[in-house]
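Peer 1: What follows is a predicted protein model with its sequence.
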Amino acid sequence: MGGVVALILVIDDSPLMRDLVRRMLEGAGHEVVLAEDGKAGLHVLETQAVQLVVTDIYMPGDDGITTVRRVRKGWPHLPVITMSGGSEAGDMSAAALALGARSALRKPFMSAELLDAVRTALEERGTSK
């Protein structure tokens, strides 16, 4: 695939979705760290040099909106991509974008959609490995 390769944090409460997104990203050469919720994801951000966050919106505990807020506060230049498949996905995605997410994907999405969003977010940030 070419382009920027990065360490990406994937946050989703579904083990199947985390694994699917991980495989999509690793297939493009990225390194991936997984977290099952926003709280675990923030712990990863405190301990690793993550260059991009991909987070689900609908999760128990710290949901994606809360996670986007906390990432923007603690790591203001770190790009965030949200993903959502709930019935109110459009409203939640708009809220995430208003809070500073770079893009919002609607589940289910194709690998190419995810990789395009990742490439754009990383290029805008100017991240390289």
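Peer 2: Received, thanks. Residues are numbered from 1 along each chain as shown.
Peer 1: Please name the residues that touch V54.
Peer 2: Each residue near V54 by Cβ atoms under 8 Å, 6 or more residues apart in numbering is listed here: I8, L9, V10, I11, V21, L25, V80, I81, T82, M83, L114, V118. Where C-beta positions appear, they are placed from N, C-alpha and C, glycine not excepted.
Peer 1: wait, which of those is closest to L34?
Peer 2: Nearest to L34 among those is V10, at 5.4 Å by Cβ to Cβ.
Peer 1: So what sits opposite the closest residue in space to H30 that isn't next to it in sequence in the bridge?
Peer 2: Excluding the flanking residues, the one nearest H30 by Cβ to Cβ, 6 or more residues apart in numbering is I8, at 5.2 Å. Taking DSSP bridges, one finds V32, L52 as the beta-bridge partners of I8.
Peer 1: Now do the same contact list for I8.
Peer 2: For I8, the contacting residues are L25, H30, E31, V32, V33, V50, Q51, L52, V53, V54, V118, by Cβ under 8 Å, 6+ apart.
Peer 1: in the worst-scoring helix or strand of the chain on mean pLDDT, what counts as buried?
Peer 2: Of all the helices and strands that make up the chain, the one with the lowest confidence by mean pLDDT, DSSP states H and E is helix 89-98; it has a mean of 78. Neighbour counts over helix 89-98 (16 or more other Cβ atoms under 10 Å) mark A89, M92, S93, A95, A96 as buried.
Peer 1: just stretch 7-14 next, same as before
Peer 2: Buried residues in stretch 7-14 (16+ other Cβ under 10 Å): L7, I8, L9, V10, I11, D12, D13.
Peer 1: Pipe those into CSV and attach distance to M59 per row.
Peer 2: Converted to CSV, these look like this (distance: Cβ to Cβ, whole Å):
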residue, distance to M59
L7, 21
I8, 17
L9, 14
V10, 12
I11, 7
D12, 7
D13, 4
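Peer 1: any idea how far L99 is from the spatially most central residue of the chain?
Peer 2: The residue lying closest to the centre of the chain (Cα atoms, centre = their mean) is V54, at 0.7 Å. Plainly put, V54 is 15 Å away from L99 if you go by Cβ to Cβ, to the nearest Å.
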